[in-house]
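J.: I would like the atomic coordinates for the input below:
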Amino acid sequence: MNTTLRVLVSCRPENDPDGNPGEQNAAVFEFAAWLSRTTDIRVRGVTTFTRPWPSSSVSKLGGKYKKWFQNLESRYETRTIKALKRADVDKSHWDATVSTFADGPSESVLLTHAAEEFNADLILLGSDATAPKGRFLAGSTADALLHSSPVPLGLVPRGVKLSKKGVTRVNYAFTSENGNAHDRGLMYAAELASDWGVPLRILSFSSAGIADGSASDSLDLPSLLSSKWREHSLAMLDSARDEVLSIHSSLVVTSEIGSGWGWNGAINALKWKKGDLLCLGSRRADTISRVFVGTETMEIIRNSPVPTIIYPGQ
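T.: This next block holds a predicted model:
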C-alpha cells in the first residue's frame, strides 16, 4: 500500500434532473472526502461509458468519434471537479489528472484498467439507486468487480451519514468461508487502524441467533451448539487480537460477537458509529490475487450500515 492512499472514484455518467452529479456520485465523493479527513489521499475520478458498438465501427467513425470522446472527457472533468468541491475534498488531495473518461464493452474491465494505470490502492463504488437508505446493493458492475477486482473495493451504502472527523474506528469481521484469507484481510485492517491512529474492533457474527443467550439452560442440543459456537468464536477473536498486537503493539484492539436472527439482526445487535469503517477479507478463487466474495460476505455487505472495504484474497 502506498504512503499516500491512492483512491479511484467510480462515477456514474448520468446526472440528476437538475444537471448535477446524481445521488450515487455524491455518495462516493463523500466517501472520498471522509477518507481525506482521515489520512493523506490522492483522488482521481473515472467515468466509464459502455460502448454498444464494436471497435471496428469506432475506427470507421474517425474524427467524429474523437470529437465525441473529447467532448465527454471535458464534460466529466468539469463535473468531477464540481463534485469534489461539493464534497469538500481539499484541492491538495486531487490528482494532477483529476478525471479520466474511458469507453469500451465492459465497465468492470474499464475500471480495472483505470485502477492499474493510476496504481490505485482503492476503488470506490456507490450503491445501486434501488437500495434501501443506509444499505449497499451491488449493481451489475459492482457485482462483477466483487468477483474479479485485483484492487480493494470501497463500498458506500446509499444515503449513509459519515463522521465529520473521518474514520474513527476500523472494524474487521470474520466469516466462515474465507479460510486463510482472514490472515491477510485482518492484517490489512490492522495496518489501516495503526496508520490512522484509530482503534480496531474484531467481529464475529451469528445470523442464526445461537449466541444470543435465549436458549434454555438445560443441556439440549441448541444450548450445546450455542455454547460450542461461542467458545470457538471467543477463542478465534482472542487469537486474532494476539496476532494483531504482536505486530502493532500500541494499537487499541477490542472484539465483539454480534448475534441475531438473520444477518440484519446479527449486525444490528452491535453498536455502530458514523466514524466506523468495516473491512472484510475475500476468498482465494485461483492463483491470482483478487476480490472474490462468497454468499456470507455478500450478506454482510448488504446489511452493513457503514462503508465497507473488501480486501482481495491471496
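J.: Show me what secondary structure element comes after the helix or strand bottoming out on mean pLDDT in the chain.
T.: When the helices and strands of the chain are scored by mean pLDDT, DSSP states H and E, helix 55-61 comes last with a mean of 61. Downstream of helix 55-61, the first helix or strand assigned by DSSP states H and E is helix 63-86.
J.: Each with direction, which strands does the next helix or strand after that following helix pair with?
T.: Past helix 63-86, further along toward the C-terminus, the next helix or strand under DSSP H and E is strand 94-104. Applying DSSP bridges, strand 94-104 is found paired with strand 41-50 (parallel).
J.: For the partner strand, which outside residues touch it?
T.: 4-13, 29, 32, 35-36, 72, 76, 79-80, 83-84, 89, 93-95, 97-107, 110-111, 114, 118, 120 (C-beta atoms under 8 Å, 6 or more residues apart in numbering). The way it works is simple: take the backbone N, C-alpha and C, and place the C-beta from them, glycine included.
J.: Which residue lies nearest the spatial centre of this protein?
T.: When C-alpha atoms, centre = their mean is applied to the chain, the residue found nearest the centroid is G154 (2.3 Å).
J.: List the buried residues for stretch 185-204?
T.: 185-196, 198, 200-204 (16 or more other C-beta atoms under 10 Å).
J.: can you tell me which of those residues are in strands?
T.: L200, R201, I202, L203, S204 (DSSP state E).
J.: and the fourth one, what does it touch?
T.: Taking C-beta under 8 Å, 6+ apart as the contact definition, L203 lies against N171, Y172, A173, F174, S255, E256, I257, G258, L270.
J.: Need the per-residue pLDDT for the fourth one.
T.: Spelled out, it's F174. We have a pLDDT of 92 for F174.
J.: G313 against R290, yeah?
T.: Yes - applying C-beta atoms under 8 Å, one finds G313 in contact with R290, separated by 6.9 Å.
J.: So those two - more neighbours on which side?
T.: G313 (24 against 18; other C-beta atoms under 10 Å).
J.: Please report how far that one lies from L72.
T.: Remark: distance between G313 and L72 (C-beta to C-beta, to the nearest Å) = 35 Å.
J.: cool, and V170?
T.: Using C-beta to C-beta, V170 is found at 37 Å from L72.
J.: Looking at the two, which has the bigger crowd around it?
T.: Between V170 and L72, counted using other C-beta under 10 Å, V170 has the larger neighbour count: 27 against 15.
J.: I'd say the more buried one and P199 touch.
T.: Yes - if you go by C-beta under 8 Å, V170 and P199 touch, sitting 7.4 Å apart.
J.: Which neighbours do those two have in common?
T.: A193.
J.: Report all helices and strands that the helix or strand harbouring L234 contacts.
T.: Taking DSSP H and E as the definition, L234 sits inside helix 221-247. When contacts are defined as 3 or more C-beta pairs under 8 Å, 6 or more residues apart in numbering; DSSP states H and E, helix 221-247 packs onto strand 169-174, helix 181-196, strand 200-206, strand 253-259.
J.: quick check: angle from the longest one to strand 200-206?
T.: Angle of helix 181-196 versus strand 200-206, following axes from the mean of the first three to the mean of the last three C-alpha atoms, to 10 degrees, is 150 degrees.
J.: Tell me what angle helix 181-196 forms with helix 221-247.
T.: Interaxial angle of helix 181-196 relative to helix 221-247 (the same axes, to 10 degrees): 50 degrees.
J.: name the helices or strands packed onto helix 181-196?
T.: Using 3+ C-beta pairs under 8 Å, 6+ apart: helix 181-196 touches strand 169-174, strand 200-206, helix 221-247, strand 276-280.
J.: Looking at these, spot the one closest to G139.
T.: Closest approach to G139 among the helices and strands packed on helix 181-196 is made by strand 276-280 (18.8 Å; C-beta to C-beta).
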